[in-house]
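Undergrad: Here is my input, please return the structure:
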Amino acid sequence: MALAKPRTFSTRLEAIGRSAGLRRGSAMSGLDGWLAGAIAILAAAALTLALRPDATVFMKPFSEDGYYSLAVARSIAAGHGMTIDGVTLTNGIQPLLTVIQAGLFWIAGGHDLIALRLVLLLYWLLYLGTGALIGWIAAEALPDAEGRRTRALATALLYLGASYLFLHHFNGLETGLLMFLLAAAWRYRQAGAAESWTGTHRCQLPGRLPRGCGAVALAPPEPHPRPRARRAARPHGASRLIALVGL
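TA: You can find the predicted model right below:
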């Protein structure tokens with residue numbers, strides 16, 4: 001018959017540490033649940049803009065400048081070209097968002113109320129997508145995995161709960177699409193930086209040579225660096241797309 005292992009002071013400390021870790025993990029899960037619930041409430045509240053009664057769909061947060069872009073989108077969908085009233089040509093719009101909205105007016109088949117509801121639904125998706133991207137960026141901002149979900153949820157909640165940003169997403173202008181593309185470009189750049197950090201760039205830190213960098217340090221210099229520099233200097237597709245929104 002095996003004898004039970006005597007409990008020592010160190011084993012008691014280990015047991016206390018394990019129980020404290022379990023309590024901390026459950027508390028963190030509870031906090032994440034509250035954050036996720038608050039985000040769900042904000043998302044549902046924003047969605048009601050597209051579900052408003054017919055008499056209030058045209059009201060705020062649409063802005064006067066936003067209606068200019070919407071009028072041009074409706075004209076394009078009707079086959080009148082880039083005009084404000086079907087006759088007068090204009091270029092005072094942001095082309096990317098206006099063309100997307102023109103597609104929604106075309107889907108609505110001439111029903112302005114349905115078209116505006118579809119436009120508000122598009123803004124809602126961009127609003128949630130930007131919040132998700134900002135949360136993702138915050139989650140990956142630190143190398144440690146502890147608290148990553150909490151960072152993502154808290155940051156997304158702060159973004160979605162900011163009234164100023166909310167109005168910019170639903171004002172009828174290109175600002176919501178622009179913020180979404182900026183967040184996507186930021187996340188794309190962050191992911192590229194993370195990949196390079198795990199590669200040779202971490203071996204170029206001054207005053208230290210991390211483990212596994214001996215082969216990199218002894219490797220001959222890479223030939224023909226100039227073509228690579230020229231390729232890196234070319235504008236990225238995301239930059240061109242963001243510039244198109246702001247034209």
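Undergrad: what residues are up against Ala50?
TA: Applying Cβ atoms under 8 Å, 6 or more residues apart in numbering to Ala50 gives the contacts Arg117, Leu118, Leu120, Leu121, Trp124. For glycine as for every other residue, the C-beta is placed from the backbone atoms N, C-alpha and C.
Undergrad: how many neighbours does the first one have?
TA: In this case it means Arg117. Around Arg117 sit 19 other residues, with neighbours defined as other Cβ atoms under 10 Å.
Undergrad: Which neighbouring residues are in contact with it, exactly?
TA: Contacts of Arg117 by Cβ under 8 Å, 6+ apart are Ala50, Leu51, Val57.
Undergrad: Mind doing that once more with 7 Å?
TA: Going by Cβ atoms under 7 Å, 6 or more residues apart in numbering, Arg117 touches Ala50, Val57.
Undergrad: continuing past the one helix or strand it maps to, what's the next helix or strand?
TA: Using DSSP states H and E, Arg117 maps to helix 112-139. Next helix or strand after helix 112-139 toward the C-terminus (DSSP H and E): helix 148-160.
Undergrad: Enumerate the positions of that next one that are buried.
TA: Arg148, Arg149, Thr150, Arg151, Ala152, Leu153, Ala154, Thr155, Ala156, Leu157, Tyr159, Leu160 (16 or more other Cβ atoms under 10 Å).
Undergrad: For the contacts of Ala50, which entry has the maximal number of neighbours?
TA: Leu120 (24 neighbours).
Undergrad: Test my guess that that one contacts Leu49.
TA: Yes: counting by Cβ atoms under 7 Å, Leu120 does reach Leu49; the two are 5.0 Å apart.
Undergrad: Need the residues touching each of those two.
TA: If you check Leu120 and Leu49 against Cβ under 7 Å, 6+ apart, the residues they both contact are Phe170.
Undergrad: and the angle from the helix or strand that contains Tyr188 to helix 112-139?
TA: Using DSSP H and E, Tyr188 falls within helix 175-197. Between helix 175-197 and helix 112-139, the angle comes out at 30 degrees (axes from the mean of the first three to the mean of the last three Cα atoms, to 10 degrees).
Undergrad: per-residue confidence averaged over the helix holding Arg117?
TA: Taken as a whole, helix 112-139 carries a mean pLDDT of 95.
Undergrad: low-confidence ranges in the chain?
TA: The chain contains residues with pLDDT under 70 at 1-28, 193-247.
Undergrad: what about 80?
TA: 1-29, 85-86, 144-145, 193-247 (pLDDT under 80).
Undergrad: And the nearest residue to Leu173 once chain neighbours are set aside, which helix or strand is it part of?
TA: Residue nearest to Leu173 in three dimensions, not counting chain neighbours: Gly66, with 5.1 Å by Cβ to Cβ, 6 or more residues apart in numbering. Taking DSSP H and E as the definition, Gly66 sits inside helix 64-77.
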